[in-house]
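1. this one's structure only:
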């Protein structure tokens, strides 16, 4: 779980912004949005295919020949 300590004299808004960016980087917000509603099997397959395509693209892009 992402943790943010509020520094002395730091506004709460800035600490919340740091927390949100950490949660976004970890993918927690995407997971919460995905689990909020029922996902049909077709939507699930589409999401997995999209993630696999992105992963393969990154592998190909950074693969050393």
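-> Received it, and whenever you're ready, just let me know what you need. What you see is a predicted model; the values in this text were computed from it and never measured.

2. in the protein, which spans are helices?
-> Under the criterion DSSP state H, the chain contains helices at 12-26, 28-36, 41-62.

3. need the winner for burial among the ones you listed.
-> Mean neighbour count (mean count of other C-beta atoms under 10 Å) peaks for helix 12-26 among the helices of the chain, with a mean of 12. From N, CA and C alone the C-beta is placed, and that goes for glycine too.

4. between helix 28-36 and that helix, find me the angle.
-> 70 degrees (axes from the mean of the first three to the mean of the last three C-alpha atoms, to 10 degrees).

5. please renumber the chain so that the first residue is 25 from this point on.
-> In the new count, where the first residue is 25, that last one comes out as helix 36-50.

6. list of residues touching helix 36-50?
-> 26, 28, 30, 31, 53, 54 (C-beta atoms under 8 Å, 6 or more residues apart in numbering).

7. from residue 38, how far off is the fourth one?
-> Spatial separation of residue 31 from residue 38 under the definition C-beta to C-beta, to the nearest Å is 9 Å.

8. can you pull up the most central residue in the chain?
-> residue 51 (2.0 Å; C-alpha atoms, centre = their mean).
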